[in-house]
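Student: coords please:
(one chain, ligands or ions: 2)
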Amino acid sequence: MHDLEPIGSDTVLRFGRFELHPQRRLLLDGDRPLPIGARALDILLVLVESAGKIVSKEAIISQVWPKTFVEEINLRVHISALRRVLGVCPQSRDYITNVRQRGYSFVAHVEQVSQAASETALAPSLPGRPVRIEGRDKLIDELTRRLHSRRHITLIGPAGVGKTTVALRVAQQQLGHFTDGVRFADLATLGEPALLAATLASEMGIAVPEGVDAQAHLLATLANRHMLVLMDNCEHLVDACAALSEALLQAAPGLRILATSREALRTAEEYVQPLAPLESPPLGSHLRLAAALRYPAVKLFMRRARARQADFRLLESEVPRVAELCWRLDGLPLAIELAAAQLDVQSLEGILAQLENHSYLSLLGRRSTPARHASLLASLEWSYALLSAEERRCLQGLACCDAYFTVADVQQALCGLKISDSARCAALARLVGLSLIGLRRDGGQVYYHMLGCTRAFAREKAREAALASTWDTPALA
Ligand SMILES: Nc1ncnc2c1ncn2[C@@H]1O[C@H](COP(=O)(O)OP(=O)(O)O)[C@@H](O)[C@H]1O
Ligand SMILES: [Mg+2]
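Tutor: Ligands and ions are numbered 1, 2, ... in the order given. Reported below is the predicted structural model:
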């Protein structure tokens, strides 16, 4: 192993899925800072800087505790703490070995990059998302495991439910497990399906020579790679994404695909994982704060509230209001974040009143924000744009149903629309497919579910359509 350069002010040391920032005294697992004591970090630095060599215990002790006499047992305690921190994932390897009578050695390959290079190098790999994820541990572990047996997994769910967040965390956990790494491609801004292969290649940092077919080049380049590809936001390109995924998986046996979409891609190998909103306390439950915080939706609200106002405190008497807020927002993480952001300008009561008097939409962010993920309204507009005129009318019609409704309710709500039974069924299937309507089975009964934000949006669209048709009607003489 080659010697590392002296550490500069912007040096970053990378090994496996970890990044060590010596100047910032920070150890990251993907983008997540790890809890590590100051001495353990000093020891890690000494070992990583001499990666591949054996460093005697005396040498470590003299560098980490230069002015104090320290027993060897202290070193052992810190080394085992370090191993615990680096070994949070069961499949992770042993980074530090103990060489009997001689000392310790850091055995993983260490890559030394500058901070700037680290940031740009991350771009084709995984974008940083320093968020703490609530309520998804089990799912993330399951998906991580499932990726070993399934070659194509698609996370589906409505806008703002957390698909990208979960997919990125799963991908981060896989960083050390694919010989050729993990690549991320955000397809949100791609409008032209024919450019999918070229876009994917460019997002993955693969240069397609002039005059060469992008898909053929992509398949040839990836043929022998052992790699995970994360394709984010496939919903508006499902057919193209499905065709390319199938071609990729056929051409490259070592490839795995993790996709996010509001709609499944329906490929032969796809494992579809629906993502439900975060659990909130049932309406009317009078919980104390400690109990309410066991619900991930409440925890997320509190975290976001505290991130905006460090001194945000909740009285026990206010806990039911927060629980109600999370419930009214259907436990949808993005809606909860947007509501917490409102605390800058209004009280908890004010936010709830806003939801109750149907001005939900004003909570949802701006319609035209370029960052679609930062505005639920922009996301809904985006899904709406994918619908036919008939599907739009059905969505508007269904907005008058209760939050949960049955097939019979659908028939009743849409009886005013002059469409055939088969067209109605097709429209309903499309709305479910695009995650604008959820589907739940309870025993033999099927229930449909429209999230509060979708309902508010669809009602607004119905109002706009009604207004437009009034204007279209010629004035009576
Ligand atoms: N489980 C979670 N815990 C904390 N924050 C979350 C969680 N899921 C989503 N978020 C936050 O909610 C927002 C929307 O999540 P995102 O993953 O972009 O949704 P989607 O990809 O389904 O549209 C993001 O700001 C994200 O940080
Ligand atoms: Mg997303």
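Student: OK, contacts around the residue of the stretch 51-200 of the chain found nearest ligand 1?
Tutor: Residue nearest to ligand 1 within the stretch 51-200 of the chain: residue 162 (2.7 Å; Cβ to the nearest ligand atom). Quick note: C-beta positions are derived from backbone N, CA and C, even for glycine. For residue 162, the contact set (Cβ atoms under 8 Å, 6 or more residues apart in numbering) comprises 133, 136, 275, 278, 333-334.
Student: from those residues, list the ones also adjacent to ligand 1.
Tutor: 133, 136, 278, 333-334 (Cβ under 6 Å from any ligand atom).
Student: can you lay out those residues as TSV showing neighbour count, distance to ligand 2 and pLDDT?
Tutor: Shown next, in TSV, are the ones next to ligand 1 among the contacts of residue 162 (neighbours: other Cβ atoms under 10 Å; distance: Cβ to the ion, whole Å; pLDDT from 0 to 100):
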residue	neighbour count	distance to ligand 2	pLDDT
133	18	14	93
136	19	14	96
278	24	15	97
333	24	11	94
334	23	9	91
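Student: next step: those restricted to strands.
Tutor: Counting by DSSP state E, no part of these is found in strands.
Student: next step: the contacts of residue 162 restricted to helices.
Tutor: Judged by DSSP state H, helices contain the following of the contacts of residue 162: 333-334.
Student: turn the contacts of residue 162 into TSV, including distance to residue 210.
Tutor: Shown next, in TSV, are these (distance: Cβ to Cβ, whole Å):
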residue	distance to residue 210
133	42
136	43
275	40
278	48
333	43
334	41
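Student: check the residue minimising distance to the centre of the chain and give its pLDDT.
Tutor: When Cα atoms, centre = their mean is applied to the chain, the residue found nearest the centroid is residue 165 (1.1 Å). The per-residue pLDDT reported for residue 165 equals 93.
Student: now do it against residue 253, distance only.
Tutor: Separation of residue 165 from residue 253 (Cβ to Cβ, to the nearest Å): 29 Å.
Student: so what's residue 86 closest to, chain neighbours aside?
Tutor: residue 95 (5.1 Å; Cβ to Cβ, 6 or more residues apart in numbering).
Student: is it true that the one you found touches residue 16?
Tutor: Yes: using Cβ atoms under 8 Å, residue 95 is in contact with residue 16, at 7.3 Å.
Student: quick check: neighbours shared by the two?
Tutor: Residues touching both residue 95 and residue 16 (Cβ under 8 Å, 6+ apart): residue 108.
Student: neighbour count: those two, which is higher?
Tutor: For residue 95 versus residue 16, neighbours defined as other Cβ atoms under 10 Å are more numerous around residue 95 (22 against 17).
Student: give me phi/psi at the more buried one?
Tutor: Dihedral pair for residue 95: phi -90, psi -30, per degrees, to the nearest 10.
Student: over to residue 464?
Tutor: Torsion angles at residue 464 (phi, psi; degrees, to the nearest 10) stand at phi -60, psi -40.
Student: contacts only, for it.
Tutor: Here residue 464 is in contact with no residue (Cβ under 8 Å, 6+ apart).
Student: for the closest residue to ligand 2 within the chain, give its distance to residue 249.
Tutor: Here the residue of the chain nearest ligand 2 is residue 164; by Cβ to the ion that distance is 3.3 Å. Look at residue 164 and residue 249: by Cβ to Cβ, they are 22 Å apart.
Student: kindly report the same for residue 450.
Tutor: 34 Å.
Student: now do residue 47
Tutor: According to Cβ to Cβ, residue 47 and residue 249 sit 40 Å apart.
Student: which SSE is immediately downstream of the helix or strand where residue 85 lies?
Tutor: Assigning secondary structure by DSSP states H and E places residue 85 in helix 72-86. Later in the chain than helix 72-86, the nearest helix or strand by DSSP H and E is strand 96-99.
Student: counting neighbours, go ahead and name the busier of residue 47 and residue 249.
Tutor: Counted by other Cβ under 10 Å, residue 47 and residue 249 do not tie: residue 47 has more neighbours, with 23 against 19.
Student: right, and the more buried one touches residue 105 too?
Tutor: Yes: here residue 47 lies in contact with residue 105, judged by Cβ under 8 Å, at a distance of 7.3 Å.
Student: residues that sit against both of the two, list them.
Tutor: The contact sets of residue 47 and residue 105 overlap at 55, 96 (Cβ under 8 Å, 6+ apart).
Student: burial count for residue 215?
Tutor: Number of residues near residue 215 (other Cβ under 10 Å) recorded here: 19.
Student: which residues does it contact?
Tutor: Neighbour list for residue 215: 197, 244, 247 [criterion: Cβ under 8 Å, 6+ apart].
Student: any chance of a markdown table for those, columns distance to residue 414, neighbour count and pLDDT?
Tutor: Formatted as a markdown table, those follow (distance: Cβ to Cβ, whole Å; neighbours: other Cβ atoms under 10 Å; pLDDT from 0 to 100):
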| residue | distance to residue 414 | neighbour count | pLDDT |
| --- | --- | --- | --- |
| 197 | 40 | 22 | 95 |
| 244 | 36 | 23 | 98 |
| 247 | 39 | 15 | 97 |
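Student: filter these by proximity to ligand 1?
Tutor: Taking Cβ under 6 Å from any ligand atom as the test, ligand 1 is in contact with none of the contacts of residue 215.
Student: take the residues you listed and lay them out in CSV including secondary structure.
Tutor: Formatted as CSV, these follow (DSSP: H, G, I helix; E, B strand; the rest coil):
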residue, secondary structure
197, helix
244, helix
247, helix
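Student: so which of these are also by ligand 2?
Tutor: Among the contacts of residue 215, not one lies near ligand 2 by Cβ under 5 Å from the ion.
Student: how many other residues sit next to the nearest residue to residue 187 once chain neighbours are set aside?
Tutor: Leaving aside its chain neighbours, residue 187 sits nearest to residue 233 (5.0 Å; criterion: Cβ to Cβ, 6+ apart). By the measure other Cβ under 10 Å, the count of residues near residue 233 is 23.
Student: and what of residue 462?
Tutor: 18.
Student: now it: which helix or strand?
Tutor: Using DSSP H and E, the element containing residue 462 is helix 452-472.
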